[in-house]
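**Q** pasting the structure only:
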């Protein structure tokens, strides 16, 4: 019995020694991962920071720390000294414990397209529609949508869309200029396809059903489409159609019944 107890004791000691060896080896591997090659100090935040945040109060509160990482893991333009953040404002969200590139600071070079990823030569414009008009909250960022516009009492004139907008911005003279037939209420395709840069959908209940409210969409528009969308919002009503995945061109329907092709803003003369 004594020999059996001695064997068990020796086995326990050997197991403890083996476990300790494994722990030491693992720690050594972790240390070697940093010390074997070149390393660098970078600054990280201890909390999530929203965009448009003045960083001075956070610096004074000690919300930033310096950590050491392998040099090949340093992101481009990473902040390496907390004082680089002094008198800066975050232009994009900064997550806790992630490296902070200078492109997210007010003094840095902005990322192409900005925080929304606007295409070159385009502008971002937001519009709000009710839940039904906004596909019942099914639109997500990156989706492509079609924008429809409805107008009533539209008169066909010889003016171009830009002339319509220009004349509408001038003080009324009290006289009606131009001539033409007044159309009945109509709906047309205003923008066949446009990318959604951001969306705020209505809240949903525990069953995933929307609870009402509105849908706010931020769209990646050409300046011309942006102008016409604002015109439609101010002078008519808009409705959104969600295009299927992969469809980035949409469908333009001719104006019926006479195929007048009034243009997006209904100001061009009939043929």
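**A** All right, it came through fine. All figures in this text were calculated on a predicted structure; none of them were measured in a lab. Residues are numbered from 1 along each chain as shown.
**Q** going forward, measure contacts and count neighbours with C-alpha atoms only.
**A** Fine.
**Q** where does pLDDT dip in the protein?
**A** Counting by pLDDT under 70, the low-confidence segments of the chain come to 1-15, 17-22, 24-37, 108-115, 153-184, 204-205, 208-211, 253-271.
**Q** repeat that for 50
**A** Of all residues in the chain, those with pLDDT under 50 make up the ranges 160-162, 165, 169, 172-178, 256-271.
**Q** please enumerate the strands of it.
**A** Counting by DSSP state E, residue ranges of the strands within the chain are 39-45, 64-70, 123-130, 144-151, 186-200, 214-221, 237-242.
**Q** pipe these into JSON lines and attach mean neighbour count per row.
**A** Formatted as JSON lines, the entries for the strands of the chain read as follows, by neighbours: other CA atoms under 10 Å:
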{"stretch": "strand 39-45", "mean neighbour count": "20"}
{"stretch": "strand 64-70", "mean neighbour count": "16"}
{"stretch": "strand 123-130", "mean neighbour count": "17"}
{"stretch": "strand 144-151", "mean neighbour count": "21"}
{"stretch": "strand 186-200", "mean neighbour count": "20"}
{"stretch": "strand 214-221", "mean neighbour count": "22"}
{"stretch": "strand 237-242", "mean neighbour count": "19"}
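**Q** and the ones you listed: which comes nearest residue 100?
**A** Smallest distance to residue 100 across the strands of the chain (CA to CA): 6.3 Å, for strand 39-45.
**Q** need the strands of the chain in CSV (columns: distance to residue 78).
**A** As requested, the strands of the chain are arranged in CSV below (distance: least, CA to CA, whole Å):
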stretch, distance to residue 78
strand 39-45, 7
strand 64-70, 12
strand 123-130, 28
strand 144-151, 34
strand 186-200, 26
strand 214-221, 29
strand 237-242, 39
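**Q** relative to residue 99, which of these is closest?
**A** With CA to CA as the measure, strand 39-45 is the member of the strands of the chain nearest residue 99 (5.2 Å).
**Q** other SSEs contacting that closest one?
**A** In this structure, strand 39-45 packs against strand 64-70, with contacts taken as 3 or more CA pairs under 8 Å, 6 or more residues apart in numbering; DSSP states H and E.
**Q** before we move on, the earlier item: wait, which of the strands of the chain is closest to residue 107?
**A** With CA to CA, the closest approach to residue 107 among those belongs to strand 39-45: 16.6 Å.
**Q** how far off strand 64-70 does the closest one point, in degrees?
**A** With axes from the mean of the first three to the mean of the last three CA atoms, to 10 degrees as the basis, strand 39-45 and strand 64-70 are set at 150 degrees to each other.
**Q** which residues does residue 79 contact?
**A** 42-43, 85, 99-102 (CA atoms under 8 Å, 6 or more residues apart in numbering).
**Q** so which of these comes closest to residue 202?
**A** The shortest distance between residue 202 and any of those, using CA to CA, involves residue 100 and amounts to 32.3 Å.
**Q** most surrounded residue in the contacts of residue 79?
**A** Most neighbours among these, by other CA atoms under 10 Å: residue 100, with 25 neighbours.
**Q** how near is residue 196 to residue 60?
**A** Per CA to CA, to the nearest Å, residue 196 is found 38 Å from residue 60.
**Q** now do the helices in this protein.
**A** 2-35, 56-60, 161-169, 223-235 (DSSP state H).
**Q** residue 93 touches residue 48, doesn't it?
**A** Yes. Shown here, residue 93 and residue 48 form a contact pair, counting by CA atoms under 8 Å, at 7.5 Å.
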